[in-house]
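> Sequence and computational prediction follow.
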Amino acid sequence: MTAATFHALAPPARDSRHATATDPRTDRLEAESIHIFREVVAEFERPVLLFSGGKDSVCLLRLAQKAFHPLPIPFPLLHIDTGHNFPEVIAFRDRRAAQLGARLLVRRVADSIASGRAVERAGANGSRNRLQTVTLLDALAEFHFDAAFGGARRDEEKARAKERIYSFRDAAGQWDPKNQRPELWNLYNGRHHPGEHIRVFPLSNWTELDVWHYIGREGLEIPSLYFAHPRDVVERDGVLLPVGDLVPPRPGEAVTRRTVRFRTVGDVTCTACVESDADSVARIIAETGVSRLTERGSRVDDRAGEAAMEERKREGYF
Amino acid sequence: MDLLRFSTAGSVDDGKSTLIGRLLHDAKAIFEDQLEAVCRASGDAAAPDLALLTDGLRAEREQGITIDVAYRYFATPRRKFIIADTPGHEQYTRNMATGASTAEASVILVDARKGLQPQSRRHTCIAHLLGIRHLVFAVNKMDLVDYDAATFARLRAEIIDLTTRLGAEVPVVIPVSALRGDHVVERGTAMPWYAGPCLLDHLESLDPGAADADASLRYPVQLVLRGDGDFRGYAGTVAAGRVRPGDPVTVLPSGRTTTVRRIHTADGAVDQAVAGQSVALQLAAELDVSRGDLLVSGALPRLLSRLDATLIWFDAAPLQPERPYLLKQATRTVRARVSAIHGRTDVVTLVEGAADTLELNEIGRVTLDCAQPLQVDGYRASRATGSFILIDLASNATVAAGLIASEQQECADAGQSGQIQVDRPARERQQQHRAGVVWLTGLPGAGKREIASRLEARLFQRGVNACVLDADTLRTGLSGDLGFTLQERDENLRRAAEVARLLVAKGWLVIADFVSPTAAQRDRVRGLIGTDDFLEVFVQRDAEPCTVRDPHGLYLRARADNGDNVPHIDVAYEAPQQPELALDSAGVEEGVKRLVTLLNERGWTGSHGRVVRLN
């Protein structure tokens, strides 16, 4: 694609931006991310943006808007729905997509399980997190997407620290960490054989704090879960888990009601929260700046083995 | 608060990972759960192996070495940092280059006991080559040399000698002990003789240098945004210089000039854009601009199809000089091949030696021929338009990083009026084969016509621009005024030679089918066309078979004495003494095969990846 000829919608209504002094670091990160979006659209046939409604994909969406403004975003959004999402996040996802007039595709892990494509692990630790990989790969194949934007960041986790901005996946959707392509300057090699695709991570160099700064600066709406709110939780394996139908308390566990917020939002069965009374972006930023725990430290799925993320990525995970 | 990107490099076992771990630990940039995980993994909670903080991949943790480049992010109150922690092992130099390409500074480790190892020299060389101005050397493991000042001084001298030979700025050299922490963040008491900055201190205060706003504008167009109504914006990131509304710009390669009407961003129009900013430019004139075009002002880039550049080779398969690659520079991708290798730089001695290829991790100076000309600057002048990558067509791997030399050979410049010179070399480069004349001579009826047309078809199928030129066809038009006297036959040959010469100048491979019975005639033709472009091929039959075959009824007519000077009957045929090739009566197919082989051997056609000799 060298020209995007769409009927232009009016520029999206912006939420009120915080009047902040110019932030050279955020400006630089934003410019680099916009460059990446444009480069992918120019050199790939069918890109898609993986949108979960989480804070990183919210930033991603705003960057995509800015990259092609005043044209609408020239690719659809895709959500791999585990069926175990927080309802607030699903509602937010739908609302945001509708606001943008974007085409939202949803593929459900439950459907993959029903059709036998994925097998759910029974038991108290059953999580659909890993099963998303199957649904994701099937969805990418179904629509013949050749580039998928994701909101992963390098500061999130050990294996992600090594990933390129263009992450090459073979025909089986798998990642070989020993075989990543050199990425020099801002020249990206997206050439691929038919059936292969690239995962693109425009937020690679953004930290958790950068994401929050951006959300504040751009006045982005995010699911309410991220802000402090009262919730019933149990302490399990050193973290606080929200109780609910999918996460019932175990015998001997005490359910308490605490004021918590979520630093990351994933599958309900494996996302822990932290005690906090940060109920605004500014307060979250203050708290994040001095946090003693990494963001993903509250992701139980990452704890399942030292190399959990790496293994999932080798299989084709986000 | 600003941002600094730095890369780290050093040999395996130099303690690089420990150094970074120490940096993060002492700067309090490590999260509790990360430290806990590391303590668990190192089996000793009291003295955690800090290197484990950065060895993220399973194989690395198991083998205890760093395989790939890992990006770490941390901040102090003064500055935010992105660390590209790069492998030391020779096998992964490509990843080191990756990390270094976007870095503004490089921290290079040296083991105090071992001095400057080849790997450290290589990394220094690559960092300097990639334009990293700020080189910081951390002489580590000072604790293992009793914090000896003399040892440090000696190593410092060695380091400065290296950087001086490279032509780099004088580096900062710091004695450290990553294990103990001396001079990483905290000063410590072990080395009172050192008065220079600690590592973190230096990294916090060094000035990466703002982009030069007065540099010539370089704006590669990434995408055209065409909206409802009049909106047409050229999306891109300013690569060099500055642009403001009202500024004049030149669009390359068309050469058209206009002014910038408006600088568009999603947050509204802005009054200037400098290097690093991603915007969409709206121009005053309605021009046809597309991805790959370059908007410039100030000094123009050069338009070159033939480039001198330095390559860093990344692939396990060595560089093949005749092999076509893809070259991606800014927003353009073209086919290119390396036509000459001028030398390979020994990274340890910094001496350039002769080479006929480049292997993994080697650095060398080459000349590339591109299928289309590129707008280029020297790398030192403008990184974005002075750098490129080479991509293998078969594997799609990125096989090399390229830095365009500041000094270029004069000969292949295509001229910058915006007009490309469509000359013979340009055509030969594009069509990837030589122009020239294959002159088939021999008695009438010897089979020249069939060989010529079958050869033409064979070459055509391979994408060669070949065409047959023969006497009969010429005589129906251009030489329609000529008869068959000796003088008229000479004149026909002269005209044939001139036509062939014209076609060759336009890049054609001409297959000429002319009896041309005398050596003198053929010499004259050769003289007109040029020896280099002339292959004489004798299609040989004995006289008897030709008269029997007589496909054109010439012999019959001659015998009837019409006076048409048919060779062999009226004019003696002088067989060529030293033809490039003599084809006998083995048959048309065999003859064609031998001709194809001849063309390949001579490098006229490149159908099997052989070197094409370009003028």
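It's in.

> What residues does the stretch 251-400 of chain B have near chain A?
Applying C-beta under 8 Å from any C-beta of the partner chain, one finds that the stretch 251-400 of chain B approaches chain A through B:264-267, B:276-278, B:280, B:290-291, B:314, B:326, B:328-331, B:383-384, B:387-389, B:391, B:396-398. Bear in mind the C-beta positions are built from the backbone N, C-alpha and C, glycine included.

> Can you show me the helices along chain A?
A:24-43, A:55-68, A:87-100, A:109-114, A:132-143, A:208-218, A:281-289, A:300-303, A:308-315 (DSSP state H).

> Disregarding residues adjacent in the polypeptide, which is nearest to the residue in the stretch 301-450 of chain B that chain A sits nearest to?
Chain A sits closest to B:N396 of the stretch 301-450 of chain B, with a gap of 4.2 Å, by C-beta to the nearest C-beta. The shortest distance from B:N396 to any non-neighbouring residue, by C-beta to C-beta, 6 or more residues apart in numbering or on different chains, is to A:R191 (4.2 Å).

> number of nearby residues for the one you found?
Residues near A:R191, counting by other C-beta atoms under 10 Å in any protein chain shown, number 20.

> How about the contacts made by it?
B:L326, B:I391, B:N396 (C-beta atoms under 8 Å, 6 or more residues apart in numbering or on different chains).

> The last one contacts A:P194, correct?
Just to be clear, that refers to B:N396. No - using C-beta atoms under 8 Å, B:N396 makes no contact with A:P194, being 11.4 Å away.

> How about stretch A:83-90, which residues are buried there?
A:H84, A:N85, A:F86, A:E88, A:V89, A:I90 (16 or more other C-beta atoms under 10 Å in any protein chain shown).

> so the fourth one makes contact with A:I222?
No - the pair A:E88 and A:I222 does not pass the contact test of C-beta under 8 Å, sitting 10.2 Å apart.

> how close does the most far-flung residue of chain A relative to its centre get to B:L287?
In chain A, the greatest distance from the average C-alpha position (C-alpha atoms, centre = their mean) is reached by A:G252, at 34.3 Å. To B:L287, A:G252 is 74 Å away according to C-beta to C-beta, to the nearest Å.

> now swap in B:L478 and tell me
Distance check for B:L478 against B:L287: by C-beta to C-beta, it reads 43 Å.

> contacting residues around B:D513?
By C-beta under 8 Å, 6+ apart, the contact list for B:D513 reads B:L440, B:K448, B:R449, B:A452, B:V468, B:L469, B:D470, B:A471.

> Most neighbours of all those, which one?
Neighbour tally across the contacts of B:D513 (other C-beta under 10 Å): the maximum, 30 neighbours, falls on B:L440.

> How about the contacts made by the nearest residue to that residue once chain neighbours are set aside?
The shortest distance from B:L440 to any non-neighbouring residue, by C-beta to C-beta, 6+ apart, is to B:K448 (4.4 Å). Each residue near B:K448 by C-beta under 8 Å, 6+ apart is listed here: B:L440, B:T441, B:G442, B:D513, B:V515, B:V539.

> could these be laid out in CSV, adding distance to A:G150 and secondary structure?
CSV is the format used below for the contacts of B:K448 (distance: C-beta to C-beta, whole Å; DSSP: H, G, I helix; E, B strand; the rest coil):
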residue, distance to A:G150, secondary structure
B:L440, 63, strand
B:T441, 68, strand
B:G442, 69, coil
B:D513, 63, strand
B:V515, 72, coil
B:V539, 66, strand
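
> my guess is A:V89 meets A:L225, correct?
Yes - the pair A:V89 and A:L225 qualifies as a contact (C-beta under 8 Å) at a distance of 6.7 Å.

> Now name the helix or strand holding the residue of the stretch 451-600 of chain B found nearest chain A.
Distance from chain A to each residue of the stretch 451-600 of chain B (C-beta to the nearest C-beta) is smallest for B:G463, at 22.0 Å. In this assignment (DSSP states H and E), B:G463 forms part of neither any helix nor any strand.

> ok, how many other residues are close to it?
13.

> Hmm, it is touching B:T605, no?
No - using C-beta under 8 Å, B:G463 is not in contact with B:T605, being 9.3 Å away.

> Between these two, which contacts overlap?
Overlap of the contact sets of B:G463 and B:T605 (by C-beta under 8 Å, 6+ apart) consists of B:H433.

> Three-state assignment for B:D369, please.
strand (DSSP: H, G, I helix; E, B strand; the rest coil).

> which residues of the stretch 251-400 of chain B fall in helices?
In the stretch 251-400 of chain B, the helices defined using DSSP state H, counting those that start in this stretch lie at B:383-386.

> Which of the residues of the stretch 251-400 of chain B next to chain A fall within strands?
Among those, the members found in strands (DSSP state E) are B:H264, B:T265, B:S278, B:A280, B:L326, B:K328, B:Q329, B:S387, B:F388, B:I389, B:I391, B:T398.

> tally of neighbours for the closest residue to the second one other than its chain neighbours?
Translated: B:T265. Excluding its sequence neighbours, the residue lying closest to B:T265 (C-beta to C-beta, 6+ apart) is B:V279, at 5.4 Å. Counted with other C-beta under 10 Å, residues neighbouring B:V279 total 24.

> Bridging across strands, which residues link to B:V279?
Beta-bridge pairing for B:V279 (DSSP bridges): B:G236.

> Verify the stated contact: B:A397 with A:H193.
No - B:A397 lies out of contact with A:H193 (C-beta under 8 Å); the separation is 11.6 Å.

> neighbour count winner among those two?
Taking neighbours as other C-beta under 10 Å, B:A397 and A:H193 compare with B:A397 leading, 19 against 10.

> gap between the more buried one and B:L360?
12 Å.

> Over to B:Q432?
Distance, B:Q432 to B:L360, using C-beta to C-beta: 27 Å.

> can you list the domain ranges for the chain.
Picking chain A for this. Following automatic domain parsing, one gets these domains for chain A: A:26-220+A:307-315, A:224-303.

> Correction: the question concerned chain B.
According to automatic domain parsing, chain B comprises the domains B:2-205, B:218-296, B:302-421, B:430-601.

> Adding distance to A:A98 and mean pLDDT, write the ones you listed out as a markdown table.
What follows is the domains of chain B, written out as a markdown table (distance: least, C-beta to C-beta, whole Å; pLDDT from 0 to 100):
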| stretch | distance to A:A98 | mean pLDDT |
| --- | --- | --- |
| domain B:2-205 | 34 | 79 |
| domain B:218-296 | 20 | 93 |
| domain B:302-421 | 34 | 86 |
| domain B:430-601 | 51 | 84 |
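
> A:V234: which of those domains is closest?
For the domains of chain B, proximity to A:V234 was assessed by C-beta to C-beta; domain B:2-205 is nearest, at 19.6 Å.

> Just the endpoints, please. Distance across the closest one?
Length of domain B:2-205, first residue to last, C-alpha to C-alpha, to the nearest Å: 11 Å.
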